[in-house]
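Participant: Let's see this in three dimensions:
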Amino acid sequence: MWLGAPAPGGLALPAARPSPSWLYAPRGVWLDDDLLVVADSGNHRVLIWHGRPAGDGAPADVVLGQADANSEGPAAGGRGPERGMHLPTGIVVTDGRLVIADAWHHRILVWDTVPTATDTPPDLVLGQPDAASVRENRGGRCGPTTFYWPFGVAVIDGRFYVADTGNRRVLGWSGGLPSSPDRAPDLILGQPDPTSREDNRGGPAGPDTFRWPHDVTGDAGRLLVADAGNHRLLGWASQPDADTAADLALGQADLTGCGESPYAPGRADTLRFPYAADCDGDLLAVADTADNRILLWDGAGGGLPRGTGAPATAVLGQPTFADTGENRWSGVTADTFCWPYGLSLHAG
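Facilitator: The predicted structure is shown next:
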């Protein structure tokens, strides 16, 4: 099944017109038994399907961030940020609540129930003092309750995580979603203190640094962060309780590697700008974005990969691990990708 604008063949882009069915540069997705939620990032909105869509191009049931299904533009087309968004990305549904990373408004939006009506405002805003404020780091310096381009959100083993991308760190709140934008996280990964925000802590890449952390996934026994700017995933063998070094890296040969090879053939153990990752049981999926493919690590009963540099076991979107061309250098078809940004695994 495909959703979004039609692609009748070739590489020509469809018209960038918003509708209940069309998408423009979507960068995030959530799938569960009852819902499909898509961050239609280029149209600055979120689309919700209640129940699995019945066929190709099915229209969404609910639009958030715009007044209606045919409007677009940042901050609800100029109406304001109280109901609008600016490049929404990450999505999570937890305990019946919908959470959206409103990245370029530097905040996280929370609905206490998944909306069933278009243009429903959020119930809670995190990262800003109020629903009208949208400046990076609340208009000041980086702090424990501020965001700068928060692209990814996740709830793992009861802890709420935010990939605070522009501040080059990952924040974690034990006990799930905070009830107030003023509650500080009890975990900061990637920086030595709550006010620092330099690339790789101001030095070379290492096992406890980020350049562009974009997504977070894991399970009760593991935390994984897609560190897109360093072309790797960093993994912790257990849920960390404090700023500490990762135990493994995928996409690099060691925990200090951060290079890419844009003109070399792809490999099963390399990544270029991995913007998304998700795991489901023993299966880990990574959006290897700049290589126009999805890499899969299938533990086959042995759990997620546990060794640095472990090669993927399968590739989607390309005929072989060596191929990396946009849409296989052929056309937009059911088995091609052009810069996949978001993915969601659920129930196989």
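Participant: Tell me which residues of stretch 123-132 come out buried.
Facilitator: Along stretch 123-132, these residues count as buried under the neighbour rule (16 or more other Cβ atoms under 10 Å): 124-128, 131. The C-beta positions use only the backbone N, C-alpha and C, and glycine is treated the same way.
Participant: Low-confidence stretches in the chain?
Facilitator: Where the chain drops to pLDDT under 70, the residues are 8-12, 300-303.
Participant: how about the helices in it?
Facilitator: Here the chain has its helices, by DSSP state H, at 74-77.
Participant: Let's see stretch 25-32 as PDB, backbone CA atoms only.
Facilitator: What follows is stretch 25-32 as a C-alpha-only set of coordinates in PDB (Å, rounded to 0.1, in the frame of the first residue of the first chain):
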ATOM      1  CA  ALA A  25       8.000  15.800   2.200                       C
ATOM      2  CA  PRO A  26       6.600  13.700   5.100                       C
ATOM      3  CA  ARG A  27       9.300  13.100   7.800                       C
ATOM      4  CA  GLY A  28       7.600  11.000  10.500                       C
ATOM      5  CA  VAL A  29       5.100   8.200  10.900                       C
ATOM      6  CA  TRP A  30       3.500   6.200  13.700                       C
ATOM      7  CA  LEU A  31       1.700   2.900  13.300                       C
ATOM      8  CA  ASP A  32      -0.300   0.800  15.800                       C
END
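Participant: and it, which residues are buried?
Facilitator: Using 16+ other Cβ under 10 Å as the burial criterion, the residues of stretch 25-32 that qualify are 26-31.
Participant: outside of it, which residues touch it?
Facilitator: Outside of stretch 25-32, the residues that reach it under the criterion Cβ atoms under 8 Å, 6 or more residues apart in numbering are 4, 36-42, 87-93, 101, 275-276, 341-346.
Participant: Quick one, which of those residues are buried?
Facilitator: 4, 36-41, 87-93, 101, 275-276, 341-345.
Participant: Please flag which of the residues you listed sit within strands.
Facilitator: 36-40, 88-93, 101, 275-276 (DSSP state E).
Participant: Sort out which one of the residues you listed lies nearest P144 for me.
Facilitator: Proximity of these to P144 (Cβ to Cβ) peaks at A101, which lies at 17.8 Å.
Participant: show me the contacts for the closest one.
Facilitator: Contacts here follow Cβ under 8 Å, 6+ apart; on that basis A101 touches 28, 39, 88-91, 108, 150-153, 162-163.
Participant: give me that answer again for 10 Å
Facilitator: Contacts for A101 (Cβ atoms under 10 Å, 6 or more residues apart in numbering) come out as 27-28, 39, 85, 87-92, 107-109, 126-127, 147, 149-153, 162-165, 215.
Participant: Enumerate every residue touching the closest residue to E326 other than its chain neighbours.
Facilitator: Closest residue to E326 apart from its sequence neighbours, by Cβ to Cβ, 6 or more residues apart in numbering: C338 at 4.6 Å. Contact analysis of C338 by Cβ under 10 Å, 6+ apart lists 11, 13, 289, 292, 317, 325-328, 332.
Participant: And S19, by the same measure?
Facilitator: When contacts are taken as Cβ under 10 Å, 6+ apart, S19 is in contact with 5, 43, 57, 59-60, 63, 69-70.
Participant: ok, now A5?
Facilitator: Counting by Cβ under 10 Å, 6+ apart, A5 touches 13-17, 19, 21-24, 57, 332.
Participant: Turn the residues you listed into a markdown table, columns for distance to R79.
Facilitator: Output for those, formatted as a markdown table (distance: Cβ to Cβ, whole Å):
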| residue | distance to R79 |
| --- | --- |
| L13 | 27 |
| P14 | 26 |
| A15 | 24 |
| A16 | 20 |
| R17 | 19 |
| S19 | 19 |
| S21 | 23 |
| W22 | 21 |
| L23 | 21 |
| Y24 | 19 |
| G57 | 28 |
| V332 | 33 |
